[in-house]
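In: Quick one: sequence and predicted model below, then my questions.
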Amino acid sequence: MRRIAPPPEESLASFCEHRLLGVGLPWPAELCTTHVVSMYEFLELRYAERELDSLPAKYCSPVEGDSCKRGLRGAPVGIARKVLLRIAARWLLHEDLKEEELVETYALRAVQQVPHEALPEGIFIGLKMSQVQSAIKLVSQLSV
């Protein structure tokens, strides 16, 4: 949906009719494209939470370094957690990324796909893919 970029208030029925070459589907008129995107993002986060312990071992190293920990602790917990969970769901559970790759690279892509969330600068400095599971657990503890 984000790639096509329909207006958020466009009804799902209208979206399907105009973009699927006149194919109308029986969606309620109140259901908008923004609802579908929100539902997908909600389910994606729940899936990542459920599968967190299924991440390959190479993504489960402890978070090391004071600057990494400071960045995570200083970040808005909800945003940091959502971005890390999205990275896990979109890339780590399904692709074979190098564990030395920096989280920052993928964090920017996750935020571009979710523009209503601002990612504070420096939040993931030095954090590697190998530390994603530990980072998610660390920021989850901060929210309790």
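Out: Cool, got the structure. Numbering: from 1, shown residues only.
In: Show me which residues of stretch 134-144 are buried.
Out: Under the neighbour-count criterion of 16 or more other Cβ atoms under 10 Å, stretch 134-144 has 134-140 buried. In this view, the C-beta of every residue, glycine as well, is placed from N, C-alpha and C.
In: Restricted to strands, list those.
Out: Among the buried residues of stretch 134-144, no residue falls in strands (DSSP state E).
In: Looking at these, which one is closest to Pro76?
Out: Of all those, Pro76 sits closest to Val139, with 9.6 Å by Cβ to Cβ.
In: List the contacts of that closest one.
Out: The contact partners of Val139, by Cβ atoms under 8 Å, 6 or more residues apart in numbering, come to 72, 75, 77, 80-81, 84.
In: now those residues as TSV including distance to Leu45 and secondary structure?
Out: Shown next, in TSV, are the contacts of Val139 (distance: Cβ to Cβ, whole Å; DSSP: H, G, I helix; E, B strand; the rest coil):
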residue	distance to Leu45	secondary structure
Leu72	18	helix
Ala75	17	coil
Val77	14	helix
Ala80	13	helix
Arg81	9	helix
Leu84	10	helix
